[in-house]
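Colleague: sequence? don't have it. structure:
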């Protein structure tokens, strides 16, 4: 029984469907450009820069976890993109000044990105 619980606890959570509007996703792409996310990350629809310091976010919507530690949910992702160090101490990703609306739209954009 304990082994079953351990295996179950190690499984990735299910990926929640992205319920964001296409307008929110478009605003999130604009926010990603304006906030300079491409300086560290490769992002779909953003040709330059294509940073390599951070992980590629081109198929982020396929990931069940954020930074390998947090469930990939819209509210959690919005908090993470604003202040990653408060959620994952020691992360290389800095806190980034943005509005709540920008964070929500950026989360919608990232979660809409799926591998082909």
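Modeller: Received, thanks. Fair warning: this is a prediction, and the values are worked out from it, not measured in the lab.
Colleague: elements contacting whatever helix or strand residue 23 lives in?
Modeller: Element membership of residue 23, judged by DSSP states H and E, is helix 22-35. Packed against helix 22-35 by the contact rule (3 or more C-beta pairs under 8 Å, 6 or more residues apart in numbering; DSSP states H and E) you find helix 100-111. In short, each C-beta sits where N, CA and C put it, glycine included.
Colleague: can you give the distance of the helix it packs on from its chain's centre?
Modeller: Here the centre of helix 100-111 is set off from its chain's centre by 9 Å, with C-alpha atoms, centre = their mean, to the nearest Å.
Colleague: where does pLDDT dip in this structure?
Modeller: Along the chain, the model assigns pLDDT under 70 to residues 1-20, 115-116.
Colleague: strands of that one, start to end?
Modeller: Per DSSP state E, the chain carries strands over the ranges 65-66, 70-71.
Colleague: how about CSV for the ones you listed, with distance to residue 107 and mean neighbour count added?
Modeller: Converted to CSV, those look like this (distance: least, C-beta to C-beta, whole Å; neighbours: other C-beta atoms under 10 Å):
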stretch, distance to residue 107, mean neighbour count
strand 65-66, 10, 17
strand 70-71, 12, 16
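Colleague: so which of those strands gets nearest residue 87?
Modeller: strand 70-71 (6.2 Å; C-beta to C-beta).
Colleague: starting at the chain centroid, how far to that closest one?
Modeller: 10 Å.
Colleague: for it, which strands pair with it and how are they oriented?
Modeller: As defined by DSSP bridges, the strand partners of strand 70-71 come to strand 65-66 (antiparallel).
Colleague: how about stretch 83-94: buried residues?
Modeller: Buried residues in stretch 83-94, counted by 16 or more other C-beta atoms under 10 Å: 83, 84, 87, 88, 93.
Colleague: quick one on the thing from earlier: export the strands of the chain as a markdown table, with columns for distance to residue 40.
Modeller: Below are the strands of the chain laid out as a markdown table (distance: least, C-beta to C-beta, whole Å):
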| stretch | distance to residue 40 |
| --- | --- |
| strand 65-66 | 15 |
| strand 70-71 | 18 |
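Colleague: would you map the helices across the protein?
Modeller: Taking DSSP state H, the helices of the chain run over residues 2-10, 22-35, 74-87, 100-111.
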